[in-house]
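A.B. asks: predicted model and sequence below, questions to follow.
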Amino acid sequence: MGIVKAKNLVKRYGEILAVNHVDLDIDEGEIYGLLGPNGAGKTTITNILCDLVGKDSGELWIMNKKVDQSFAQVKSQIGVVPQNVALYEDLTAQENVMFFASLYGLKRQVLRSRTMEALEFVSLVEVKNRMVKTFSGGMKRRLNIACAIAHRPQLIIMDEPTVGIDPQSRSHILNSVKKLNKLGSTVIYTTHYMEEVEQICTRIGILDHGKVIAEGTSSELQSIVTDRKIIIIKTGIGIGIDSQDLKSIKGVITVTIQDNNIRIECPKESDCISRVLNYFVQRNIIIHDIKMEGVSLETAFLSLTGRRLRD
Amino acid sequence: MRILTIAIKEFWHNLRNPKVMLLLTLIPIIAILLLGTAVSNQFSNPAISMSNVQIEYYIAGEGSEFATSIVRLMNDFIDKSGTLQRVYQPQESVNRLKHNDIAAYVLINEAEQSVKLYKNQFYYEKAIILEGLLISAINHYNVTHNLTGHEADPSVIIDQAAKDYVSMQGLAGQEWPSAMDYYGVAFSILFVFYGMTTSITNTINDKKNGTLARALLSPAAQKELLVGKIIGEVAIKVIQMAIVIATTMFIYNVNWGAKPQYAFIMIFAQIILSVSIGTALGLIFSREEIAVSLVHIMIVIFAFFGGSYMPLSGLGLLGQIGKFFSPIWWSTTGIFSLIYVGDTAIYSIALLVNVFLALVFIGIASLRIRKKEILVNG
């Protein structure tokens, strides 16, 4: 059995079905990404996984223990990085990590060394004695992680840990996730950033309206959408091309023009390409470059859910 | 062990919050000083003190038994801090009286066996006492003289008159608190109750910031989190109140009784009650402003019926019934009864009321903290 196994999880808030018969099977050593737009049910699922919110029905096992019966036993093996930064602003970085780590039973010397280890991991050792209220958003996010890992959990649940931070801090956090995984922790990572799951996750579950609608590796998910292809054409600068004209070509599904790059999505089995090229030849538009691409995760998501991730 | 860790965290967290420190230390110290001095006249002792009174007298004559008796009588009524001085230039005494330097000037005429009192309005109350004393003594002397028709020993008659007719004893027959004594105790109690607003704020912030949810994710039991939190807050409030009480005791000279430890036990019980109410309300309410407003209204009503702002009298049936529902009344009355009457009955009931209510609110808080879902979703 995997480190997390869920069968038919259901959670309702009044009329809203926040978690809709979700099944999960996450193996030890994975970085499992839960990808979905805001309101898809990611946080509710993570809250159920860490027993902060009760499920209405379904079954859940964490580390082979059924949650309803013996969750207290596995709590010390779970680290949770909440979506919102949950820190005491009037305490120092070190005091925050020490406090939360001590709740997991760490004492004296072990507590001190693990605290320093966690602060080092997120590169905050130098500012360990500073009050959290003086930290930047990125530093707080990193400290938020440190507080969840000082007790060296086997399973780390990260709920959108990179929301609202600068690219540098995001990159630092993503590298940290990979490092934690290498050190032996299984990570459940929720996000609505496609590029993050593509970059770090070994497996991804696409979540929409509280339901996992597809699951697999990034390439497996992309291959689900097998009926499309992408043509990317690069033209000279300053050439006016009407996207509506291109869209009117038989077989063209979508057209995106950005500067002198034109991205055209067509059905895989069609002679759409020849018609598109003919369009450029007829108008004497010089093509500098042309390439074919497979379907991206974004396209896969769009194809599966009918909406974009940031909708 | 976890309880201790949580309590220490709570202690430091509060200690670094200037708002918390200000509310429970500086504000009560200033409030007690202002009220204790500003309304001192409203708290004057029913037995008006003859301390610090300056009286001068002039004897027109050789210093007969009559004059000596009058002087001895006056001397008995002035305490050690006052002065009774014989003068030989009556006009100078009159001038000093005009300039408010002395409270009264007494002219004893041996030949006429009469006494004239010159009063200063500035020392009105003290002069009135002296006047009553002298009138009583002279009248008694005159009556005795007229009835018996012969010269009696004036020292016996006058001394006897003073003892029989003029008493400096207060109506209550007991020690009476000054304004500073009153507000020192009443406001210390009141501000312990105001301290519950910081417990509310801390608890709601813990929910808002997600730190409570984060702590609930750990293996720490809910009861450990709750007890640790309460101990930490009680500890910081004990220190804050110790500062307030020490200031009232050693700087303002507030009377905390012959056995002040009993008053401190009451304050300690009240701190536990205040923190328990604040924590329970913080766990129940999600919006700080609603909870704090509710508590402010509650405290004002409790304080009014509890006599925090002024000693209660003349409130009729409303006051007589209302006070029993005010934990402030129980605590204030309990401590005052102990200090000034030596009565432990109300004190004991008040202590039980505080402990009972604290247990009720700790129970409510422990029920509430079990509902993790509500805490997480506000």
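C.D. replies: Yep, that arrived.

A.B. asks: contacts and neighbour counts: CA atoms only from here.
C.D. replies: Noted.

A.B. asks: what's residue A:9 in contact with, if anything?
C.D. replies: A:19-23, A:55-60 (CA atoms under 8 Å, 6 or more residues apart in numbering or on different chains).

A.B. asks: and with 6 Å instead?
C.D. replies: Residues near residue A:9 by CA atoms under 6 Å, 6 or more residues apart in numbering or on different chains: A:21-22, A:57-58.

A.B. asks: partners of the helix or strand harbouring it, with directions?
C.D. replies: Residue A:9 is located in strand A:4-13, with elements delineated by DSSP states H and E. Under the criterion DSSP bridges, strand A:4-13 sits next to strand A:16-26 (antiparallel), strand A:57-62 (antiparallel) in its sheet.

A.B. asks: for it, buried residues please.
C.D. replies: In terms of neighbour count (16 or more other CA atoms under 10 Å in any protein chain shown), strand A:4-13 has its buried residues at A:4-6, A:9-11.

A.B. asks: separation between the closest residue in space to residue B:266 that isn't next to it in sequence and residue B:334?
C.D. replies: Closest residue to residue B:266 apart from its sequence neighbours, by CA to CA, 6 or more residues apart in numbering or on different chains: residue B:351 at 6.0 Å. In this view, residue B:351 and residue B:334 are 8 Å apart by CA to CA, to the nearest Å.

A.B. asks: residues of chain B that sit close to chain A?
C.D. replies: Counting by CA under 6 Å from any CA of the partner chain, chain B comes close to chain A at B:209-211, B:218-220, B:373.

A.B. asks: now with 8 Å?
C.D. replies: For chain B, the residues in contact with chain A (CA under 8 Å from any CA of the partner chain) are B:2, B:5-6, B:9, B:12-13, B:16-17, B:209-211, B:213-220, B:372-373, B:376.

A.B. asks: show me how chain B divides into domains.
C.D. replies: Residue ranges for the domains of chain B, per automatic domain parsing: B:2-41+B:177-377, B:54-170.

A.B. asks: I'd like those as CSV, with mean neighbour count, mean pLDDT and distance to residue A:166 appended.
C.D. replies: Compiled in CSV, the domains of chain B are given as follows (neighbours: other CA atoms under 10 Å in any protein chain shown; pLDDT from 0 to 100; distance: least, CA to CA, whole Å):
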stretch, mean neighbour count, mean pLDDT, distance to residue A:166
domain B:2-41+B:177-377, 20, 88, 21
domain B:54-170, 17, 73, 75
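
A.B. asks: ok, back up a step: max pairwise distance over the buried residues of strand A:4-13: which two?
C.D. replies: The distance between the two most remote of the buried residues of strand A:4-13 (CA to CA) is 17.6 Å, for A:4 and A:11.

A.B. asks: going along the chain, name the strands of chain B.
C.D. replies: Using DSSP state E, the strands of chain B run over B:54-60, B:83-86, B:104-109, B:114-119.

A.B. asks: can you list these in a markdown table and add distance to residue A:103?
C.D. replies: Listed next are the strands of chain B as a markdown table, based on distance: least, CA to CA, whole Å:
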| stretch | distance to residue A:103 |
| --- | --- |
| strand B:54-60 | 70 |
| strand B:83-86 | 70 |
| strand B:104-109 | 75 |
| strand B:114-119 | 76 |
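
A.B. asks: out of the ones you listed, which is closest to residue B:295?
C.D. replies: strand B:54-60 (51.0 Å).

A.B. asks: in chain A, which residue is closest to the centre?
C.D. replies: Against the mean C-alpha coordinate of chain A, by CA atoms, centre = their mean, the closest residue is residue A:191 at 3.1 Å.

A.B. asks: so that one bridges to which residues?
C.D. replies: Beta-bridge partners, per DSSP bridges, of residue A:191: residue A:35.

A.B. asks: any idea how far it is from residue A:36?
C.D. replies: Residue A:191 is 7 Å from residue A:36, by CA to CA.

A.B. asks: also residue A:168?
C.D. replies: Residue A:168 is 23 Å from residue A:36, by CA to CA.

A.B. asks: now the common contact residues for residue B:351 and residue B:334.
C.D. replies: Contacts common to residue B:351 and residue B:334, judged by CA under 8 Å, 6+ apart, are absent.

A.B. asks: count of neighbours near the closest residue to residue A:38 other than its chain neighbours?
C.D. replies: Spatial nearest neighbour of residue A:38, chain neighbours left out: residue A:192 (7.1 Å); criterion: CA to CA, 6+ apart. By the criterion of other CA atoms under 10 Å in any protein chain shown, residue A:192 has 22 neighbours.

A.B. asks: please report how far residue A:192 lies from chain B.
C.D. replies: For residue A:192, the distance to chain B (CA to the nearest CA, to the nearest Å) stands at 21 Å.

A.B. asks: mind saving the C-alpha coords of the biggest helix by length in chain A as CSV?
C.D. replies: Taking DSSP state H as the criterion, chain A has its longest helix at helix A:167-182. Extracted in CSV, the C-alpha atoms of helix A:167-182 (Å, rounded to 0.1, in the frame of the first residue of the first chain):
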residue,chain,number,x,y,z
PRO,A,167,10.7,34.4,-8.9
GLN,A,168,13.9,34.0,-6.9
SER,A,169,12.1,32.8,-3.8
ARG,A,170,9.9,30.5,-5.9
SER,A,171,12.9,28.9,-7.5
HIS,A,172,14.5,28.5,-4.0
ILE,A,173,11.3,26.7,-2.8
LEU,A,174,11.0,24.5,-5.8
ASN,A,175,14.6,23.4,-5.4
SER,A,176,14.0,22.8,-1.7
VAL,A,177,11.1,20.5,-2.5
LYS,A,178,13.3,18.4,-4.8
LYS,A,179,16.0,18.3,-2.1
LEU,A,180,13.5,17.2,0.5
ASN,A,181,12.3,14.5,-1.8
LYS,A,182,15.9,13.3,-2.4
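
A.B. asks: what about that helix, average pLDDT?
C.D. replies: Per-residue pLDDT values over helix A:167-182 give a mean of 90.

A.B. asks: starting at the chain centroid, how far to it?
C.D. replies: 12 Å (CA atoms, centre = their mean, to the nearest Å).

A.B. asks: what lies in contact with that helix?
C.D. replies: Outside helix A:167-182, the residues within contact range by CA under 8 Å, 6+ apart are A:29-31, A:121-122, A:138-139, A:142, A:161-162, A:187, A:196, A:200.

A.B. asks: out of these, which end up buried?
C.D. replies: A:29-31, A:121-122, A:138-139, A:142, A:161-162, A:187, A:196, A:200.

A.B. asks: the closest residue to residue A:263 other than its chain neighbours and residue B:113, how far apart?
C.D. replies: Excluding its sequence neighbours, the residue lying closest to residue A:263 (CA to CA, 6+ apart) is residue A:232, at 4.6 Å. Distance from residue A:232 to residue B:113, counting by CA to CA: 130 Å.

A.B. asks: quick check: residue A:111 touching residue A:101?
C.D. replies: Yes - Residue A:111 is within contact range of residue A:101, at 7.0 Å (criterion: CA atoms under 8 Å).

A.B. asks: please say which of the two ends up with more neighbours.
C.D. replies: Using other CA under 10 Å as the criterion, residue A:111 and residue A:101 rank with residue A:101 on top: 27 against 20.

A.B. asks: please list the residues of the stretch 201-311 of chain A that sit near chain B.
C.D. replies: Close to chain B, as judged by CA under 8 Å from any CA, the stretch 201-311 of chain A has no residues.

A.B. asks: for residue A:210, list the residues it contacts.
C.D. replies: Here residue A:210 is in contact with A:17-20, A:22, A:40-42 (CA under 8 Å, 6+ apart).
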